[in-house]
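**Q** how would this look folded up:
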Amino acid sequence: MNVDSLSPPKNTPAEIADERFSWITHFGGSFDLVDLVVGRAGAVIDYEAVEGSEYRPFDPNQGNYTLEAFISARVRTSEIGAIFHHVSRHLSDRPKREAIAWNELGVRVLHHFDTEHATVDLDVEGGRAVQHSFVDYTWLGQADALVRHQISPRVGVFGRARGQLFAVDDEVSVRGTQTGARVEGGVRLSGRGGVMELFLGYENRVDAYPFDRVPQHWGLAGLRLLSR
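**A** Next up is the predicted model:
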């Protein structure tokens, strides 16, 4: 589970933009269906809700679903696999007749290594949008880096950076390739049953509102709960 409190900039092109983005929450996770040591197969399920203050102080306006199936092979400290990734975007308490979704077929490479003072996890993936509705994406790519340093058995610090790339269909839109990014850093508290992360960060999000092909950016403060 993840909860972000957003601080959108005040100089947005549309006055309504600030009111649509106040909170972002995530519920979901990744789990293995089969693990044979040399490889594994599993799924990712995530639900993202976006809340603003357009009509009321706590106003959910988006619900976005991510479903993914993956199969991978382990090679030393790395993992290489294939993914089938589906994203479906919806409006909450607002009319929406047109589907907004895409299916991506791609590859993912995971790599983990330890340094003297930290652990590093790298995640690089990319693929082709084999089906899409409304969106103009053709190729998608993402790179994620997570660095963690343990201060004591229960307390640590971490930093995370993520970059995204969306190539677009010139016949649908002439806006060119879109790029997004997110950086965050904070404290990691470990308990017997799970982990809690408290963090500050910044995000530049591509197509933040489903029907607007316009990026939004904001500062954020968040809390994340993870299983061990």
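
**Q** contacts, neighbours, all on C-alpha from now
**A** Fine.

**Q** so who does W139 touch?
**A** Contact analysis of W139 by C-alpha atoms under 8 Å, 6 or more residues apart in numbering lists 126-129, 166-168.

**Q** in what helix or strand does it lie?
**A** Using DSSP states H and E, W139 maps to strand 137-150.

**Q** strands paired with that strand, and their directions?
**A** strand 119-133 (antiparallel), strand 155-168 (antiparallel) (DSSP bridges).

**Q** scan the contacts of W139 and report the most crowded one.
**A** A129 (23 neighbours; other C-alpha atoms under 10 Å).

**Q** the worst-scoring helix or strand of the chain on mean pLDDT: what's the following helix or strand?
**A** Lowest by mean pLDDT, DSSP states H and E among the helices and strands of the chain is helix 16-20, with a mean of 70. Following helix 16-20 in sequence order, the next helix or strand is strand 23-35 (DSSP H and E).

**Q** now do the helix or strand following that following strand: which elements does it pack against?
**A** Using DSSP H and E, the helix or strand that follows strand 23-35 in sequence is strand 39-52. In terms of contacts (3 or more C-alpha pairs under 8 Å, 6 or more residues apart in numbering; DSSP states H and E), strand 39-52 is packed against helix 16-20, strand 23-35, strand 59-75.

**Q** report the buried residues of stretch 35-55.
**A** 40-43, 46-54 (16 or more other C-alpha atoms under 10 Å).

**Q** nearest to A208, of those residues?
**A** Distances from A208 to the buried residues of stretch 35-55, taken as C-alpha to C-alpha, are shortest for V50 (9.6 Å).

**Q** what's the spacing between the closest one and T77?
**A** 36 Å (C-alpha to C-alpha, to the nearest Å).

**Q** got it, and P95?
**A** In terms of C-alpha to C-alpha, P95 sits 48 Å off from T77.

**Q** swap in L200?
**A** Counting by C-alpha to C-alpha, the gap from L200 to T77 is 30 Å.

**Q** residues touching stretch 198-218, excluding its own?
**A** Stretch 198-218 is contacted from outside by 6-9, 89-91, 100, 178-188, 219-224, using C-alpha under 8 Å, 6+ apart.

**Q** ugh, wrong one, stretch 142-150
**A** With contacts defined as C-alpha under 8 Å, 6+ apart, stretch 142-150 is touched by 117-126, 156-165.
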